[in-house]
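Asker: Please work out how this folds:
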Amino acid sequence: MLSDFPITKRWPAADPSVIQLYSLATPNGIKVAAMLEETGLGYEAHKVSFADADQMTPEFLSLNPNNKIPAIIDPHGPDGKAIGLWESGAILIYLAEKTGTLLPSDPLKRAHSLQWLMWQMGGAGPMFGQFGFFFKMGGAAFEDKRPLARYTDEAIRLLGVMDAQLAANEFIAGDAYSIADIALWPWINVLTGFYGAGEHLQVARYPHIQRWLHAALARPASQAALTVPS
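Answerer: Residues are numbered from 1 along each chain as shown. Prediction:
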């Protein structure tokens, strides 16, 4: 039951029968919103405001002790029991398995999709995030520019890896759109969007990424996810 989760005291559910999403429209938050939109699962989004330090409150920490968004509660989890989950990659896999969508059933294709999902979780996401900090956010004021140079070089390297993969494949893990694509496109989008780093990273040099990103952003689920929670 949702009432078993203390977080629902701070963010009450209007409809306790649907998935509860606790998030913000950051790349990691957008991933899960996009997945929920793609699957058509009913959900209710609750804004976790960084400005108000919502992620540090006891209620939020009761669901995610790592104090990061996004997190979810599915009132209809395994064996019909409510389940709380955090870490965007884990949530994507859970929702894919719950709905039988966006993760191939073929063992080889599934392994490739999970491989690129982990590449995003362990490489592209953290490195692009660090780059954004030193290029756009608080780190931009640092006099020592070595951190920015380091993360610029790594971001460029990762973009090259990704562009080469997309040169040979329509989608990041092969011939079908999957959770690997959903995990990646919000991070690529933020580089030229909020970070404003398109020229700095020479993103135009990666035509296959541009083609792929345009297709991902054109999906109705992606467009909806960009504003969740509103």
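Asker: Only C-alpha atoms from now on, for both contacts and neighbour counts.
Answerer: Noted.
Asker: Quick check, residue 151 in contact with residue 130.
Answerer: Yes. Proximity of residue 151 to residue 130 meets the contact threshold set by C-alpha atoms under 8 Å, at 6.6 Å.
Asker: the strands in the chain, which residues?
Answerer: For the chain, the strands defined by DSSP state E cover 19-23, 43-47, 71-74, 83-86.
Asker: Do you know the pLDDT at the most far-flung residue of the chain relative to its centre?
Answerer: Largest separation from the mean C-alpha position in the chain: residue 143, at 31.1 Å (C-alpha atoms, centre = their mean). pLDDT for residue 143: 91.
Asker: Kindly report the same for residue 94.
Answerer: On the pLDDT scale, residue 94 is placed at 98.
Asker: Next, work out how far apart it and residue 74 are.
Answerer: 10 Å (C-alpha to C-alpha, to the nearest Å).
Asker: and these two? which has more neighbours close in?
Answerer: Neighbour count, other C-alpha atoms under 10 Å: between residue 94 and residue 74, residue 74 has more, with 22 against 14.
Asker: got the contact list for the residue nearest to the more buried one when sequence neighbours are not counted?
Answerer: Nearest non-adjacent residue to residue 74, counting by C-alpha to C-alpha, 6 or more residues apart in numbering: residue 19, 4.6 Å away. Residues in contact with residue 19 (C-alpha atoms under 8 Å, 6 or more residues apart in numbering) are 41-44, 72-75.
Asker: May I see the buried residues of stretch 186-200?
Answerer: 186-192, 195, 197-198 (16 or more other C-alpha atoms under 10 Å).
Asker: Which pLDDT value goes with residue 129?
Answerer: 97.
Asker: Pull up the gap between it and residue 225, please.
Answerer: 19 Å.
Asker: do residue 104 as well
Answerer: Between residue 104 and residue 225 the distance is 22 Å, computed by C-alpha to C-alpha.
Asker: For these two, indicate the residue with more neighbours.
Answerer: Between residue 104 and residue 225, counting by other C-alpha under 10 Å, residue 225 is the more crowded of the two (23 against 20).
Asker: hang on, the more buried one packs against residue 38?
Answerer: No. Using C-alpha under 8 Å, residue 225 is not in contact with residue 38; the gap is 9.5 Å.
Asker: Find residues that contact each of those two.
Answerer: With C-alpha under 8 Å, 6+ apart applied, the contact sets of residue 225 and residue 38 do not overlap.
Asker: circling back: quick check on the contacts of residue 19: which are buried?
Answerer: For the contacts of residue 19, a neighbour count by 16+ other C-alpha under 10 Å gives the buried set as 43-44, 72-75.
Asker: Out of those, which comes closest to residue 180?
Answerer: Using C-alpha to C-alpha, residue 72 comes nearest to residue 180 of the buried ones among the contacts of residue 19, at 19.2 Å.
Asker: The closest one and residue 150: what is the separation?
Answerer: 34 Å.
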